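Asks: Need the 3D shape of this:
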Amino acid sequence: MTAQANNILTAVVQGARKEEPSEAVRLAAIRALYNSLEFVEENFNREGERNYIMQVVCEATQSTDVNVQIAAFECLVRIMEYYYEKMPFYMQKALFGVSTFFIFIFYFILMEPFFEIDACYKRCLTFYCI
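Replies: Numbering: from 1, shown residues only. Take a look at the predicted model:
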């Protein structure tokens with residue numbers, strides 16, 4: 001499996017990109033990435049490839065499809081499990097904003113009776129999107 005990991009990873013990341021018009025394809029690609037993370041260590045050892053993978057996964061957390069968002073966060077958790085020693089840069093830069101965004105969304109969902117949720121969601125999107 002590891003011998004073919006680079007070819008598989010290329011196809012998977014291509015399908016997970018924000019430019020992919022089908023959210024179903026993005027969801028399948030993010031799930032495939034999740035399931036292939038243990039085989040792509042060599043790719044995560046290369047900074048440029050790691051940066052691109054992290055960019056694609058973080059962008060997927062901003063999808064309009066909730067299932068893609070959930071799969072992307074699950075993928076981030078798995079990435080942290082396997083490649084934690086390579087994550088300090090991402091934790092400081094991108095992941096703080098992404099996780100803070102969803103903490104605010106969760107708060108506004110709890111406070112829905114008191115706020116117009118759509119307006120709060122749009123404010124959070126404007127402020128926290130990477």
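Asks: residues in contact with the longest helix that the chain contains?
Replies: Ranked by residue count and defined by DSSP state H, the top helix of the chain is helix 66-83. Applying CB atoms under 8 Å, 6 or more residues apart in numbering, the external contacts of helix 66-83 come out as 23, 26-27, 30-31, 33-34, 37-38, 41, 44, 50, 53-54, 57-58, 60-63, 87, 95, 98, 102. For every residue, glycine as well, the C-beta is placed using N, CA and C.
Asks: Could you rerun that using 7 Å?
Replies: By CB atoms under 7 Å, 6 or more residues apart in numbering, the residues outside helix 66-83 that reach it are 23, 26-27, 30-31, 33-34, 37-38, 44, 57, 60-61, 63, 87, 95.
Asks: which of those residues sit farthest apart?
Replies: With CB to CB as the measure, no two of these lie farther apart than 23 and 87, at 26.6 Å.
Asks: picking up where we left off before, list just the nearest of the contacts of helix 66-83 to residue 4.
Replies: Relative to residue 4, the closest of these is residue 38; by CB to CB it sits at 13.7 Å.
Asks: I'd like the distance between residue 91 and residue 52.
Replies: In this structure, residue 91 and residue 52 are 18 Å apart, going by CB to CB, to the nearest Å.
Asks: and if you look at residue 6?
Replies: Taking CB to CB, one finds residue 6 at 13 Å from residue 52.
Asks: Lovely, talk soon.
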